[in-house]
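> Can you look at this prediction? I've put the sequence above it.
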Amino acid sequence: MKKLVTAAVLSAALATPAFADTTKIGFIYIGPVGDFGWTAGHDRARQELQDHFGDAVETNIVENVDYGADAERVMTQMAISGTDVIFAASFGYGPDVNAVAGRFPDVYFQHATGYIQEHDNISLYDARFYEGRAVLGHVAGKMTETNTIGYIASFPIPAVVSGINSAYLHAKAVNPDVNFRIIWTYSWFDPALEADAAETLIEQGADVIMQHTDSTAAIRVAEDAGVMAFGQASDMVDFGPTAHLSAIVDRWAPYYIDRIQAVKDGTWEAQNSWMGFAEGVIEMAPWNDRVPAELQEEADALVASIAAGEYHPFTGPINRQDGTPWLADGEVAEDGALATMDFYVEGITGEFPN
Amino acid sequence: MILGSINPAVLMAALMVAATPILLAAIGELVVEKSGVLNLGVEGMMIMGACVGFIIAVNTGSPFIGFIGAALGGMALSLLFALLTQALMTNQVASGLALTLFGLGLTALLGQSYVGITPPRTPKLDLGFLSDIPFLGRALFTHDIVVYLTIALVGAVWWFLKYSRAGMILRAVGENHDAAHALGYHVKRVRVLAIMFGGACAGLGGAYLSLIRVPQWTEGMTVGAGWIALALVVFASWRPWRAMAGAYLFGGIVVLQLNLQAAGVRIPVEYLSMSPYLITILVLVIISSGKGRSLNAPGSLNKSFHASS
């Protein structure tokens, strides 16, 4: 009997540290992991995280979580069921993350692309998509034959706006005649609408399509119409082997692994991280063979100089759309200005949506 | 200067394509509601058709068989609704909502291994010299066969409801199920058949999205088209040709706003994108508050029937 009790105590003592070592991590996604775009990118990172730590972490996901009450309910449920870290992988979760974080000060919250940070258990993280868009713009400007580039945009938030401006500036730099046609869909994911938008842009003369929406529909349309396109957030080459020139691929895994290691080491602190090519959080998908070798080299060199910090995609002189100066010659945009960007740069036709 | 880049013939052609999926779903739901049943599961049946149609088309290599499969898939889901509301007498609104959630979840599972696949191409109908007519040729005669069959279906439903004996029985059941029952008509049989027809049409509408308009399978790809179809039925005051006009108007607004944006014209897209959903909410409030009568709604709409009552 005594032996049995000792054994029980021993096994409990052995079991406890093992239990404490397993970090429980929850992920909430705005779309399905099968979107082959944004949400797929986050879920790739989750899998890498799981592979990296093995049994030392337990990850759970909830897909298709709407902003607002739904997100708050899911995160609360995660928090009360013993989750240590919650990754909220979309811009619009901001108010919900802050509400839940206030009620659960012992849970760490990681909010992607957000800007609200009311509690010290919230870290924000974002990628410098405009760095990737600069490369797309450069290649698009050289590849276009009609000098018209079609852009399918989601919502007029700074991340999308700075992407449009960056792509335009770099297309314009290599092709002074280039012209951007922009369609706002006011949705992250609507395959039929994105397909219609792509068709409209092609009909109006665009021969390169860029998108800042999450479905693969536009790539399909571009493939069928025999024009070129760039994927979004994931390598979308399977949907248009001829059309797909490249894509900005999100790689959140290094950051996710870093943050979970910090939790395990007890060194986690609230941060606001904005990462780009340098940190490996974004990278270019392999170039399509139809992109000439020297252009591939140019683009790779552009990536390298941005990663090395030698070149900033927003380097003056740059004027706003109405012609008023924004950046003086040689001046580099500050992060604060980019994170709140709400205007088009000079040369883009079409009015900025309010 | 910029408006010159919009080609009206192409605009017309595009709006017919944009309108077809919601028109298919709406014409089916119109018949269902004419029989006195409110099925809010249109979105679920559409996504079911999109998924099943895609899977079958890919496996058989024939979009035609895919469309048939889509109709059967939508019908199968609608039979579940028929079982719940006609045999088990459950609340129609709640059952319809459940059907939508069930359809979205089930298709996410079924379609998992079909993401990223290209479906077999649906050929454009060759209309010979008609397609060569200036303007009209490009606008009206360059489509796939489904666009024309959908218009034919609207005509058939109109004729059926207005002139056929079976159509009059269906309307009688929808207007006053007790009177129809007293005359010896099988209220539930009529309603189950109408529900099945609605399911098949919604399934076809979904397959039009996944096989022709997008064309690929993505989870949740209908994104509210079923709800727009529902609103359309009410706005058409349950009249087939008006439903078609409404669908073309809606398709036209979508296509026109995309064209205006691409041409650089500033329009309030945020409100336009919101409007179908606001209208849908308004319409659902009107129907469920019982004020639908003034809009020409069928008298027994959304009322359960039991022979004893």
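Structure's in. What do you need? Residues are numbered from 1 along each chain as shown, chains lettered A, B, ... in the order given.
> rest of the way, CA atoms for contacts and neighbours
OK.
> For chain B, what's its nearest residue on chain A.
Nearest residue of chain A to chain B (CA to the nearest CA) works out as A:Gly350 at 3.9 Å.
> so what's that residue up against?
The contact partners of A:Gly350, by CA atoms under 8 Å, 6 or more residues apart in numbering or on different chains, come to A:Arg181, A:Ile182, B:Gln261, B:Ala263, B:Gly264, B:Val265, B:Arg266.
> JSON lines for those, including secondary structure, distance to A:Ile282 and neighbour count?
Output for the contacts of A:Gly350, formatted as JSON lines (DSSP: H, G, I helix; E, B strand; the rest coil; distance: CA to CA, whole Å; neighbours: other CA atoms under 10 Å in any protein chain shown):
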{"residue": "A:Arg181", "secondary structure": "strand", "distance to A:Ile282": "25", "neighbour count": "23"}
{"residue": "A:Ile182", "secondary structure": "strand", "distance to A:Ile282": "23", "neighbour count": "27"}
{"residue": "B:Gln261", "secondary structure": "helix", "distance to A:Ile282": "30", "neighbour count": "24"}
{"residue": "B:Ala263", "secondary structure": "coil", "distance to A:Ile282": "32", "neighbour count": "24"}
{"residue": "B:Gly264", "secondary structure": "coil", "distance to A:Ile282": "31", "neighbour count": "20"}
{"residue": "B:Val265", "secondary structure": "coil", "distance to A:Ile282": "33", "neighbour count": "16"}
{"residue": "B:Arg266", "secondary structure": "coil", "distance to A:Ile282": "33", "neighbour count": "14"}
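> With respect to B:Trp217, which of the residues you listed is nearest?
Using CA to CA, A:Ile182 comes nearest to B:Trp217 of the contacts of A:Gly350, at 25.7 Å.
> Any regions of chain B where pLDDT drops low?
Applying pLDDT under 70 to chain B picks out residues B:1-5, B:276, B:287-288, B:290-294, B:309.
> Residue numbers of it in contact with chain A?
Selection of chain B residues close to chain A by CA under 8 Å from any CA of the partner chain yields B:5-6, B:18, B:112, B:115-118, B:209, B:213-216, B:218-219, B:221-223, B:255, B:258-259, B:261-266, B:268-270, B:273.
> Please pick the buried ones from these.
Buried by 16 or more other CA atoms under 10 Å in any protein chain shown: B:6, B:18, B:116-118, B:209, B:213-216, B:218-219, B:221-223, B:255, B:258-259, B:261-265, B:269, B:273, out of the residues of chain B next to chain A.
> Surely A:Thr267 is within a strand?
No. Going by DSSP: H, G, I helix; E, B strand; the rest coil, the assignment for A:Thr267 is coil, not a strand.
> Please look at A:Ala71 and A:Val65 and confirm they touch.
Yes. The pair A:Ala71 and A:Val65 qualifies as a contact (CA atoms under 8 Å) at a distance of 5.8 Å.
> List the residues that are in contact with both of these two.
Common contact partners of A:Ala71 and A:Val65 (CA under 8 Å, 6+ apart): A:Ile28.
> Which one's more surrounded, the two?
A count of neighbours by other CA atoms under 10 Å in any protein chain shown puts A:Ala71 above the other of A:Ala71 and A:Val65, at 24 against 20.
> Check what pLDDT the more buried one gets.
For A:Ala71, the pLDDT comes out at 95.
> Give me the contact list for the helix or strand harbouring it.
Per DSSP states H and E, A:Ala71 falls inside helix A:69-80. Here helix A:69-80 makes contact (CA under 8 Å, 6+ apart) with A:Gly26, A:Ile28, A:Val62, A:Val65, A:Ile86, A:Tyr93, A:Asp96, A:Val97, A:Ala99, A:Val100, A:Phe104, A:Val107.
> what about the first one, which SS state?
To tie it back to what came earlier, the one meant is A:Gly26. When classified by three-state DSSP, A:Gly26 comes out as strand.
> swap in the fifth one?
Three-state secondary structure (criterion: three-state DSSP) places A:Ile86 in strand.
> just checking, it touches A:Ala112?
No. If you go by CA under 8 Å, A:Ile86 and A:Ala112 don't touch, sitting 10.8 Å apart.
> if I've got this straight, the residue of chain A closest to chain B is in a strand?
No. Counting by three-state DSSP, A:Gly350 is not part of a strand but coil.
> Model confidence for it, exactly?
Looking at A:Gly350, its pLDDT stands at 81.
> now swap in A:Ala307 and tell me
Among the per-residue scores, A:Ala307 holds a pLDDT of 96.
> Would you indicate which residues of stretch A:300-315 are buried?
Neighbour-count burial for stretch A:300-315, counted by 16+ other CA under 10 Å, picks out A:Leu302, A:Val303, A:Ile306, A:Ala307, A:His312, A:Pro313, A:Phe314.
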